[in-house]
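Asks: Here's a sequence, model it:
(2 chains)
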Protein chains: 2
Amino acid sequence: MNKPFNALFLDLDGVLFVGNDALPGAVRAVKKAREEALILRFLTNTATQSRQHLLDKLGAMGFTLSEDELFTAPIAAKHYILDHNLRPYCLIHENIRCDMAGIDEINPNCVLLGDARDDLNYQTLNHAFQLCINGAQLIGIGMNRYFKGEEGLMLDAGPFIRAIEWAAGTEALIMGKPGKDFFQQVVASTPFQAGQCLMVGDDVIGDVEGAVNAGLMGCLVRTGKFRPEDERHLPPGAKIVDSLYRLFS
Amino acid sequence: MNKPFNALFLDLDGVLFVGNDALPGAVRAVKKAREEALILRFLTNTATQSRQHLLDKLGAMGFTLSEDELFTAPIAAKHYILDHNLRPYCLIHENIRCDMAGIDEINPNCVLLGDARDDLNYQTLNHAFQLCINGAQLIGIGMNRYFKGEEGLMLDAGPFIRAIEWAAGTEALIMGKPGKDFFQQVVASTPFQAGQCLMVGDDVIGDVEGAVNAGLMGCLVRTGKFRPEDERHLPPGAKIVDSLYRLFS
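Replies: Numbering: from 1, shown residues only, chains lettered A, B, ... in the order given. Here you go, the predicted model:
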C-alpha cells in the first residue's frame, strides 16, 4: 500500500472511541498503521480527562501508544502558562487539576477556560469576564462548539470562550485544535513536514479545517459527532471516509 | 404649538428617571404631552423587572400611564411567541416569569434567553443549545454585553446569546431596542406611520440610531447615561435636547 502521508494524526473521541467503547475497526486500524511504519500521534482537546487517564483508557481498549505520542490541549496550556510566568484563574474540569500541578493561581493575571462543565455558571463566568475586561489574558483549552455525550450533543468550551471574548472585547489564545501552534508543535515532534502528515477527526472545523490551515492534510470521518451537513464545510482537498479503518481497506 | 410628530416614544431609565427618582421636569413633560393630545408610548429593554413592577414604579414617581402604553422587551417576546404559536424554553429572570403567564412551555420549539443571572449555568445553557441545534428558534431579550451592577461590571444576556448562536450555528431574533421589529410593533399600536413618531432616549445607539433605522424620528437627551462623546454618533436628522422637558419649552 502506498500512502500519500508518512505520519497519521488521530483525534481520539469519535475517531478511536465513543464513550468507553472502541469504535469498530479502530484498534485494527492503529495496528495496521504501525505495521505500515507510519508515525502516529494522538491529539485531543479533551479537558475533562488527564493525560494519564487517557493513556490508561486507551490501553484498556486495546490501543497501544506511548506518553510521547499523546498531545493534549491542557498540557499545551500548562507549558504556555509556565513559559510566560502567568498566574491563571482556572475554570477547568476537576479531572485535569492534576495536569496543572505546580502552577501559581494566587492573584490571577490570566484566565484559563476549559470544558469545566458544571463549574461553568454565572458566578464563575462573570469572574472570568471581570478579570478579562480588566486586562487579564484569556486562554482557551480548545475551541470546540460541542461534543457528543451520552445525552446527545453537549456544549464544549468554545461557546463560553466566545462569550467572554465578546463581552470583554478581547481575543482568546486557543490551546489545542484548531490552533495552528498546536498542530505545528505536533508536526515538529515528527521527522516530517506538515504536508506529509494527515490529521483524521470527526470535527470538520476543529480537526479538518484546522489541520488544513496549518498545512497538513485533513480527513473527516463519518463517526462520532459527524453530521451529514458537515460535508458541506469540508475544506478543498480534504478527504472523507466512513471510519478510521476505511483508510486501510 | 405645532409639533412635527404625533406620537412620542419614551425610553424609561435615564429619560424619565434615574434609580428611583424622577428626573427634573420629566413628570411635567409627560403631562404636557397628554395636554397636547400626543400619543404616548414607553419602551424599555429591562429583563429583570416585570411590566406590572414598572407600572407601579412609574406611578409612584408621578407618571400616569396605562398598561397598553408600556412596551417592554419581555412582553414583545411574549407577543411574538403567541403570534407564531411558539412554545419556548424560558431561560429568563424569575422577576419576569409573571410576564409570560399563559404561554405554553411544554415540548418547547424555541428558546427565550434573557438576563437570567444565576439561572444561567451549564445545564440550562446546554439545554438551550440542544433545542437550537435541533432547529428551535433562538429569541434574545436585549443584546447588551454587560451592565453596571453593585459589584462592578456584570455579564448581561448578550454574551450568552452569542454563545448559543455560535454553538448551534443560528442567529438569534433580538427582542427590544434597537431591533427594528420592536419599534415597528410599537408604531403599529398607534394610528400613525413610523415617520410621525419621535423616539426619545439616552442611548444614542439603542434608542436613537435604532429608531432612525426603523424609520422613526430620533432624539437624544443629555440625561441618564448620556456622555458628550455620544453626540458624535448622532445619526443624521436626529435631534438632541438637554432633557425631556426641553421638548416642550
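
Asks: which residues does the residue nearest to A:Asn213 when sequence neighbours are not counted contact?
Replies: In space, and not counting its chain neighbours, A:Asn213 is closest to A:Lys180: 6.4 Å by Cβ to Cβ, 6 or more residues apart in numbering or on different chains. To be clear about C-beta, it is placed using only N, CA and C from the backbone, and glycine gets the same treatment. Shown in contact with A:Lys180 (Cβ atoms under 8 Å, 6 or more residues apart in numbering or on different chains): A:210, A:213-214.

Asks: could you flag which of those residues are buried?
Replies: Neighbour-count burial (16 or more other Cβ atoms under 10 Å in any protein chain shown) applied to the contacts of A:Lys180 gives A:210, A:214.

Asks: Give me the subset of the contacts of A:Lys180 lying in helices.
Replies: Among these, the ones falling in helices (DSSP state H) are A:210, A:213.

Asks: in its sheet, what does the worst-scoring helix or strand of chain A on mean pLDDT sit against?
Replies: In chain A, the helix or strand scored least confidently by mean pLDDT, DSSP states H and E is strand A:146-149, which has a mean of 86. Using DSSP bridges, the strands paired with strand A:146-149 are strand A:152-155 (antiparallel).

Asks: Which SSE is immediately downstream of the strand it pairs with?
Replies: helix A:158-168 (DSSP states H and E).

Asks: quick one: average pLDDT of the helix or strand that that next one is followed by?
Replies: Counting by DSSP H and E, the element after helix A:158-168 in chain order, helix or strand, is strand A:173-175. In this model, strand A:173-175 has a mean pLDDT of 93.

Asks: Could you find the closest non-adjacent residue to the most centrally placed residue in chain A?
Replies: Most central in chain A under Cα atoms, centre = their mean is A:Asn45, positioned 2.2 Å from the mean C-alpha point. Sequence neighbours aside, A:Gly142 is the residue nearest to A:Asn45 in space, at 3.2 Å (criterion: Cβ to Cβ, 6+ apart).

Asks: again, but for A:Glu94
Replies: A:Asp119 (7.7 Å).

Asks: what sits against the one you found?
Replies: Applying Cβ under 8 Å, 6+ apart, the residues contacting A:Asp119 are A:91-94, B:122.

Asks: want to throw the residues you listed into CSV with neighbour count and secondary structure?
Replies: Formatted as CSV, the contacts of A:Asp119 follow (neighbours: other Cβ atoms under 10 Å in any protein chain shown; DSSP: H, G, I helix; E, B strand; the rest coil):
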residue, neighbour count, secondary structure
A:Leu91, 22, strand
A:Ile92, 24, coil
A:His93, 23, coil
A:Glu94, 11, helix
B:Tyr122, 19, helix
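
Asks: related to what we said a few turns ago, my guess is the residue nearest to the centre of chain A contacts A:Tyr146, does it?
Replies: No. No contact is recorded between A:Asn45 and A:Tyr146 when judged using Cβ atoms under 8 Å, the distance being 12.0 Å.

Asks: Need the residues touching each of those two.
Replies: Contact with both A:Asn45 and A:Tyr146 is made by residues A:Asp156, according to Cβ under 8 Å, 6+ apart.

Asks: Count the residues that sit near A:His53.
Replies: Here the number of neighbours of A:His53 (other Cβ atoms under 10 Å in any protein chain shown) works out to 15.

Asks: and it, which of the three is it?
Replies: Here A:His53 is helix, with the state taken from DSSP: H, G, I helix; E, B strand; the rest coil.

Asks: same thing with the one 3 residues further on?
Replies: Per three-state DSSP, the local secondary structure of A:Asp56 is helix.

Asks: For it, list the residues it contacts.
Replies: Contacts of A:Asp56 (Cβ under 8 Å, 6+ apart): none.

Asks: returning to what we had before: pLDDT score for the residue nearest to A:Asn213?
Replies: We have a pLDDT of 90 for A:Lys180.

Asks: contacting residues around whichever strand or helix holds A:His79?
Replies: If you go by DSSP H and E, A:His79 is part of helix A:73-83. For helix A:73-83, contacts defined as Cβ under 8 Å, 6+ apart pick out A:44-47, A:50-51, A:86, A:88, A:92, A:96, A:99-100, A:102-103, A:110, A:112, A:114, A:139, A:141-142, A:173, A:175-177, A:181-182, A:185.

Asks: Among these, which lie within strands?
Replies: Judged by DSSP state E, strands contain the following of these: A:44, A:88, A:110, A:112, A:139, A:141, A:173, A:175.

Asks: Okay, and the beta partners of the residue lying closest to the fourth one once chain neighbours are set aside?
Replies: Of all residues not flanking A:Leu112 in the chain, A:Pro88 sits nearest, at 4.0 Å (Cβ to Cβ, 6+ apart). On DSSP bridges, the residues paired with A:Pro88 through beta bridges are A:Cys110.

Asks: one step back: roughly how far does the residue nearest to A:Asn213 sit from B:Gly158?
Replies: Remark: distance between A:Lys180 and B:Gly158 (Cβ to Cβ, to the nearest Å) = 29 Å.

Asks: before we move on, what about A:Glu231?
Replies: With distances taken as Cβ to Cβ, A:Glu231 is found 33 Å from B:Gly158.

Asks: Name the residue in those two with the higher neighbour count.
Replies: Set A:Glu231 next to B:Gly158 and count neighbours by other Cβ under 10 Å: B:Gly158 wins out with 22 against 12.

Asks: coming back round to it: looking at the contacts of A:Asp119, spot the one nearest B:Lys225.
Replies: Ranked by distance to B:Lys225 (Cβ to Cβ), the contacts of A:Asp119 are led by A:Leu91 at 30.7 Å.

Asks: Now do the contacts for that closest one.
Replies: Counting by Cβ under 8 Å, 6+ apart, A:Leu91 touches A:111-114, A:116, A:119-120, A:124-125, A:128.

Asks: ok, back up a step: identify the residues contacting the least confident helix or strand of chain A?
Replies: A:13-14, A:18, A:115, A:153-156, A:158-159, A:224-225, B:129, B:133, B:167.

Asks: Equivalent analysis for stretch A:204-213, please.
Replies: Residues outside stretch A:204-213 that contact it (Cβ under 8 Å, 6+ apart) are A:9, A:11, A:45, A:142-145, A:177-180, A:183, A:197, A:199-201, A:217-220, A:226, A:230-231, A:233-235, A:237-238.

Asks: Inside strands: which ones of the residues you listed?
Replies: A:9, A:11, A:197, A:199-201, A:217-220.

Asks: I'd like to know which of those residues are buried.
Replies: For those, a burial check counting by 16+ other Cβ under 10 Å picks out A:9, A:11, A:197, A:199-201, A:217-220.

Asks: Would you confirm that A:Val215 contacts A:Gly195?
Replies: Let me fix one detail, which is that residue A:215 is Gly and not Val. Yes. Contact criterion Cβ under 8 Å: A:Gly215 and A:Gly195 qualify, at 5.9 Å.

Asks: Show me which pair in the ones in strands among the contacts of stretch A:204-213 is furthest apart.
Replies: Counting by Cβ to Cβ, the most remote pair of the ones in strands among the contacts of stretch A:204-213 is A:Cys197 and A:Leu220, 15.7 Å apart.
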